[in-house]
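Participant: heads up, no residue letters with this:
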């Protein structure tokens with residue numbers, strides 16, 4: 001299983017999103033391995049983050065497939081860099097999120113190449129900033145995605161090797177509140193309390209949560225005021241919206257706008273910054289048809305699941321591309337120093353993806 005050796009090699013390189021040098025080192029190794037299979041590389045250079053990489057295969061008539069992964073991890077240098085293994089597990093940064101997934105895709109492509117000596121209609125996009133919200137790469141991913149019929153994303157599999165058909169949309173916003181400072185003892189009535197305004201807005205924002213529809217609005221941070229003896233002249237509320245339905249997104253965004261514009265404390269003025277980072281990935285009939293096709297190709301029952309977290313699958317799905325996620329290995333502890341991936345799940349996923357890609361190579 002040489003692919004596990006390759007995995008441990010790239011896991012040993014710190015590729016924290018802001019560590020451009022490390023991310024690019026991982027990208028260089030992936031480039032060498034993929035160019036050995038005949039892929040042509042398009043590099044999208046970036047100054048402050050790692051370069052985004054698109055690997056292109058030969059083209060012919062038939063279904064166009066995009067494989068999608070990311071080279072970055074969440075761990076800054078010197079925080080979690082050890083790579084170890086035992087009989088069953090590989091431990092280390094990126095084991096399941098998602099250097100392990102990238103290796104699954106790579107090994108499946110190697111298998112296809114060994115079978116055919118050519119690869120057609122399968123391209124592989126590796127971005128460098130997924131863990132920080134894909135703020136840069138999402139525009140590139142959206143533009144590229146329009147060229148494909150299907151997309152497979154290599155985030156970790158479910159505990160029972162499920163693939164992912166739905167992910168919540170997510171947006172992060174900050175409400176900036178302007179009040180007026182005044183001495184709390186001598187000129188209390190002359191102040192405009194931004195903190196008090198924030199308290200009213202917070203209560204209205206929380207009311208927007210609808211757990212029955214899996215919509216949540218979380219005010220995760222409030223920062224305001226100068227000190228106990230001063231009426232607060234400024235306050236900021238940072239909130240996150242997650243949703244599973246597009247209608248719910250519109251409902252909450254409209255309500256947030258109304259809350260921002262309304263002054264509960266006379267004289268206060270509020271403005272809003274932020275955006276939807278990744279729109280919802282809703283389960284649809286095209287996905288379920290693809291799942292049925294996979295079951296026939298691989299002669300298995302393919303389990304599916306819905307997740308509250310987001311990935312770049314959201315971006316591609318929002319472009320109308322039939323997208324399935326969770327084709328990486330099974331693992332847990334992601335985003336913690338206990339991250340690990342189950343060794344046996346790699347071969348399961350590699351075998352499945354090899355069958356899927358071989359089917360479209362040979363039957364289109």
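Facilitator: Received the coordinates, thanks. The structure displayed is predicted, hence computed values, not measured ones. Numbering: from 1, shown residues only.
Participant: Only C-alpha atoms from now on, for both contacts and neighbour counts.
Facilitator: Noted.
Participant: how much space is there between residue 310 and residue 280?
Facilitator: Shown here: residue 310 relative to residue 280, a distance of 8 Å by C-alpha to C-alpha, to the nearest Å.
Participant: Find residues that contact each of the two.
Facilitator: 167-170 (C-alpha atoms under 8 Å, 6 or more residues apart in numbering).
Participant: returning to what we had before: who's more crowded, residue 310 and residue 280?
Facilitator: When residue 310 is set against residue 280 and neighbours are counted by other C-alpha atoms under 10 Å, the residue ahead is residue 280, at 25 against 21.
Participant: What residues of stretch 289-299 count as buried?
Facilitator: Applying a neighbour-count criterion of 16 or more other C-alpha atoms under 10 Å, the buried positions in stretch 289-299 are 291, 294-295, 297-298.
Participant: Next: stretch 111-121.
Facilitator: Using 16+ other C-alpha under 10 Å as the test for burial, stretch 111-121 gives 111-113, 119-121.
Participant: wait, which of those is closest to residue 49?
Facilitator: Comparing these against residue 49 with C-alpha to C-alpha places residue 121 closest, at 28.6 Å.
Participant: how about the helices in the stretch 201-350 of the chain?
Facilitator: Chain-ordered helices for the stretch 201-350 of the chain, with DSSP state H, counting those that start in this stretch as the definition, fall at 246-261, 285-298, 313-318, 343-363.
Participant: Relative to residue 131, which of these is closest?
Facilitator: Distances from residue 131 to each of those were compared using C-alpha to C-alpha; the shortest belongs to helix 313-318, at 13.1 Å.
Participant: contact partners of the closest one?
Facilitator: Taking contacts as C-alpha under 8 Å, 6+ apart, the residues outside helix 313-318 that touch it are 138, 141-142, 145, 151, 153, 167, 169, 278-282, 323-325.
Participant: and of these, the nearest to residue 217?
Facilitator: Within the contacts of helix 313-318, proximity to residue 217 (C-alpha to C-alpha) peaks at residue 169, which comes in at 11.9 Å.
Participant: what's that closest one in contact with, if anything?
Facilitator: The neighbours of residue 169, taking C-alpha under 8 Å, 6+ apart as the test, are 241-244, 276-281, 310, 314.
Participant: so residue 89 touches residue 339, yeah?
Facilitator: No: if you go by C-alpha atoms under 8 Å, residue 89 and residue 339 don't touch, sitting 10.0 Å apart.
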